[in-house]
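**Q** Next input, structure requested:
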Amino acid sequence: MTKPARSFFVLSLLILLAACNEKAVNDQTSGKPIGAPVTTVEVVDIPVSYTVPGSVISDGRIVVSSRVVGFIEQLDVREGQKVSRGDLLVRIDPSDIDEAIRQAQAGVRASQEDLEDAERDAQRYATLAPSGAVASETLRKSRVRADIARAALDKARSALAAAEAQRSYATITSPVDGVIVSVARRRGEMATAGSTILIVESREVLLFKAFVSERNLALINPNTPVVVRIDTLSDTPFAGHIRGIVPSGDEITRRYEINIVLPNDPSLVPGMFGRTEIVLGMQKTPTIPRGALVRRGGIDGVFVLDGKIARFRWLRTGRDLGDSVEVVAGLAGGETILAVVNDTVRDGSVVEKVERAR
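**A** Predicted structure coming up:
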């Protein structure tokens, strides 16, 4: 084939392809219009939320320890056991305490007798002093001795009160309604002052403990209600409120502890993992009806009306807002889109507007 013939063939082929494409477009745009409801993209105020992970903790976790030294005489509770306020938890052998009480009582009696003897001497010398039978110095010393004996009696009584107070510490009862979560000692072991015997956890007040970033710290309003979702409870939402933010952050992570008071719900247990959603403010964002969102070729988008022609446009969507969906990118407020799309609508289809949705 000569060069002019080859050029003529290529030109003819291009003209034929162009004619086919023009015919396809004319067939698509000049077909019977498809009736479809349309709607306008609205710009609404939606909350800007900040989600952080955390855990459920008890606000009443109490470490029970002994204030006295002695062998543990009774300790019948175990991990997981429920206890009520006032239930007996631990009893320490009070033998040493009882002995200390007896010694203190003996000291009080001795001091009492010494004081009475000193007061009798001082009274007698005071009677004899005016007649000169007793020197004034002897009277003075008798009175000083009585004062010293009186002070010694006060000291002995204080020692007795302290010993008797130790007696009450030998019996330890539960300070709250809760559950035993840890037992560090057993019956027969030695309890020392300040050492942990067991831990009881109250379920009266539960908190959700999380850590917020330094960047969002100033945006959090403590008076704003928050929502907590627990993973093991199928993301069930629990309404809570911020009790406080610890105004001291970690110097490495730059995060600050936040405590959220949870509702009194029996399904909530300390140690559960979840996430809290904190509203930082409001933001104007385009939204579309859920029914307007379609998938074509594995891509989510909507059909935007260009006159009477429907053009498919890819979207990047955000949060689910119930009956509507947040549009992150791809649409602007005021644009007209198809509110409901069926399988007959294609890119370039002619659309006839019907009853307006929304």
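**Q** excluding its backbone neighbours, what's nearest residue 108?
**A** Once flanking residues are discounted, residue 108 sits nearest to residue 156: 4.4 Å by CB to CB, 6 or more residues apart in numbering. Any C-beta I mention is one placed from the backbone N, CA and C, and that applies to glycine too.
**Q** Surely residue 149 and residue 114 touch.
**A** Yes - contact status for residue 149 versus residue 114: in contact at 4.7 Å, counting by CB atoms under 8 Å.
**Q** residue contacts, the residue nearest to residue 108?
**A** 104, 107, 108, 110, 111 (CB atoms under 8 Å, 6 or more residues apart in numbering).
**Q** buried sites along stretch 228-248?
**A** Across stretch 228-248, burial judged by 16 or more other CB atoms under 10 Å covers 228, 230, 238, 240, 242.
**Q** Span of stretch 336-352 from start to end?
**A** 13 Å (CA to CA, to the nearest Å).
**Q** Can you mark which positions in it are buried?
**A** Buried positions in stretch 336-352, judged by neighbour count with 16+ other CB under 10 Å: 336, 337, 338, 339, 341, 345, 349, 351.
**Q** Filter those residues down to the ones in strands?
**A** 336, 337, 338, 351 (DSSP state E).
**Q** where in the stretch 251-358 of the chain is pLDDT low?
**A** Within the stretch 251-358 of the chain, the stretches with pLDDT under 70 are 355-358.
**Q** Okay, strands next: where are they in it?
**A** Assigned by DSSP state E, counting those that start in this stretch, the strands in the stretch 251-358 of the chain fall at 255-261, 273-289, 294-296, 299-306, 309-314, 316-320, 324-329, 336-338, 351-353.
**Q** ok, and which of the ones you listed has the densest surroundings?
**A** Mean neighbour count (mean count of other CB atoms under 10 Å) peaks for strand 336-338 among the strands of the stretch 251-358 of the chain, with a mean of 22.
**Q** now that strand, how far from the centre of its chain.
**A** 43 Å (CA atoms, centre = their mean, to the nearest Å).
**Q** name the helices or strands packed onto it?
**A** strand 38-40, strand 299-306 (3 or more CB pairs under 8 Å, 6 or more residues apart in numbering; DSSP states H and E).
**Q** Now render these as TSV, adding distance to residue 324.
**A** Converted to TSV, the helices and strands packed on strand 336-338 look like this (distance: least, CB to CB, whole Å):
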stretch	distance to residue 324
strand 38-40	10
strand 299-306	12
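**Q** To residue 194, which of those lies closest?
**A** With CB to CB, the closest approach to residue 194 among the helices and strands packed on strand 336-338 belongs to strand 299-306: 63.0 Å.
**Q** May I have the closest one exported as CSV, CA atoms only?
**A** Output in CSV follows, covering the C-alpha atoms of strand 299-306 (Å, rounded to 0.1, in the frame of the first residue of the first chain):
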residue,chain,number,x,y,z
ILE,A,299,-16.7,3.8,43.6
ASP,A,300,-19.2,5.6,45.8
GLY,A,301,-20.7,8.8,44.5
VAL,A,302,-23.8,10.6,43.4
PHE,A,303,-25.4,11.8,40.2
VAL,A,304,-25.2,15.5,39.8
LEU,A,305,-27.5,17.3,37.4
ASP,A,306,-25.9,19.3,34.7
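**Q** How far off centre is that strand?
**A** Offset of strand 299-306 from its chain centre (CA atoms, centre = their mean): 42 Å.
**Q** could you give the angle of that strand to strand 309-314?
**A** 150 degrees (axes from the mean of the first three to the mean of the last three CA atoms, to 10 degrees).
**Q** Start the count at 46 instead of 1 going forward.
**A** Renumbered: residue one is now 46, and that last one reads strand 344-351.
**Q** And strand 344-351, what does it pack against?
**A** Counting by 3+ CB pairs under 8 Å, 6+ apart, strand 344-351 packs on strand 339-341, strand 354-359, strand 381-383, strand 396-398.
**Q** would you turn the ones you listed into TSV with distance to residue 210?
**A** Shown next, in TSV, are the helices and strands packed on strand 344-351 (distance: least, CB to CB, whole Å):
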stretch	distance to residue 210
strand 339-341	76
strand 354-359	78
strand 381-383	79
strand 396-398	88
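**Q** Nearest to residue 209, out of those?
**A** Of all these, strand 339-341 sits nearest to residue 209, with 80.9 Å by CB to CB.
**Q** Which elements pack onto the closest one?
**A** strand 344-351.
**Q** sorry, back to before: what is the nearest of the ones in strands among the buried residues of stretch 381-397 to residue 361?
**A** Once CB to CB is applied, the member of those that ends up nearest residue 361 is residue 382, at 15.3 Å.
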